[in-house]
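1. Fold the following.
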Amino acid sequence: MFERLAKATVKIECGKSSGSGFHFIDKQIIVTNHHVIEGHLLHQFPVVAITEDRKVFRLQLITYSDKNHYDYAILKSLDDVPEDREILHPKMQDYLKRGTNICFSGFPHGINDLLVHKASVSGPAADNGFYIDGSVNGGNSGGPIVDTEDFCIVGIVTQRRFLGANQLQLISSRANELQKQCQNMSGKGGVHIMGIDFAQFANLMGESFSLSSSIIEANANAGIGIGYHIKFVNQKFTEVTHE
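-> Numbers count the residues shown, from 1 in each chain. Below you'll find the model as predicted:
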């Protein structure tokens with residue numbers, strides 16, 4: 001099953017963003033998260049899918065949802081996809097029982113190595129998703145979650161949860177603000193205190209805070225992830241293909 005899931009999973013790249021995706025119902029159709037391909041929506045960055053053996057497919061966006069609600073994007077490959085790729089079919093249910101055995105796959109941290117994990121459903125997350133007790137990391141976004149009993153897809157990996165995430169975002173925001181102010185000061189003269197260029201010092205502090213928060217965020221993992229139900233993707237895909 002792990003090998004089959006790996007053959008259904010691709011890495012998604014869009015500008016500087018990267019995540020995961022999967023073949024859905026048809027091998028030419030690939031699904032990922034909206035937030036993974038947001039650069040395409042905002043700046044028209046091209047989107048590509050990359051397999052574990054480094055085959056690259058150009059993708060065309062078909063439709064997508066609000067990233068703050070269902071957070072999906074449905075795309076179509078503009079290139080021929082090899083016949084040996086696995087296709088995932090949806091399991092339509094409104095509720096997943098706690099303890100349901102699942103596995104999920106993706107390219108965590110944007111690395112080129114495809115990883116597959118075992119996990120289980122921990123509980124519901126609002127009305128559109130569910131918690132999983134797996135090691136979800138940045139880069140797993142958009143990857144498939146399948147029921148190990150029948151290999152049907154039940155959800156999309158959407159985000160991870162870790163303590164202090166909101167505070168970390170606040171630190172990043174303040175650090176970015178500090179750096180912008182220092183950049184605006186450059187070329188306008190500086191203030192030296194005991195031989196130290198205060199503007200340069202503040203800029204270095206801002207860069208250090210940004211780097212520290214990035215490292216903490218990359219490595220923070222409480223073993224809690226969130227998946228969104230696949231039924232929303234399937235409903236929209238059905239609508240689009242029957243128009």
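
2. in the protein, which strand has the most residues?
-> strand 115-125 (DSSP state E).

3. State the paired neighbours of that strand in the sheet, together with their directions.
-> strand 101-106 (antiparallel), strand 129-132 (antiparallel) (DSSP bridges).

4. Let me see the residues that make contact with the last one.
-> Contacts to strand 129-132, defined as Cβ atoms under 8 Å, 6 or more residues apart in numbering, come from residues 96, 102, 104, 119-125, 145, 155, 158, 161, 224-229. C-beta: built from backbone N, CA, C; applies to glycine.

5. pLDDT score for Leu75?
-> With respect to pLDDT, Leu75 has a value of 98.

6. List buried residues within the contacts of strand 129-132.
-> Buried members of the contacts of strand 129-132, counted by 16 or more other Cβ atoms under 10 Å: 96, 102, 104, 119-122, 125, 145, 155, 158, 224-229.

7. and the residue nearest the centre of the chain, backbone torsions?
-> The centroid of the chain falls nearest to Ser141 when counting by Cα atoms, centre = their mean (2.2 Å). Dihedral pair for Ser141: phi -50, psi 130, per degrees, to the nearest 10.

8. Run a quick neighbour tally on the closest residue to Asn137 other than its chain neighbours.
-> Excluding its sequence neighbours, the residue lying closest to Asn137 (Cβ to Cβ, 6 or more residues apart in numbering) is Pro108, at 3.9 Å. When counting by other Cβ atoms under 10 Å, one arrives at 24 neighbours for Pro108.

9. And Pro108, how far from Ile153?
-> Taking Cβ to Cβ, to the nearest Å as the measure, Pro108 falls 19 Å from Ile153.

10. go on, Ile145?
-> 7 Å.

11. Name the SS class of Leu42, please.
-> Under the three-state scheme (DSSP: H, G, I helix; E, B strand; the rest coil), Leu42 adopts helix.

12. How about the contacts made by it?
-> Leu42 neighbours (Cβ under 8 Å, 6+ apart): none.

13. likewise Ile29?
-> 23, 62, 74-77, 237.

14. Can you tell me the element Ile145 falls in?
-> strand 144-147 (DSSP states H and E).
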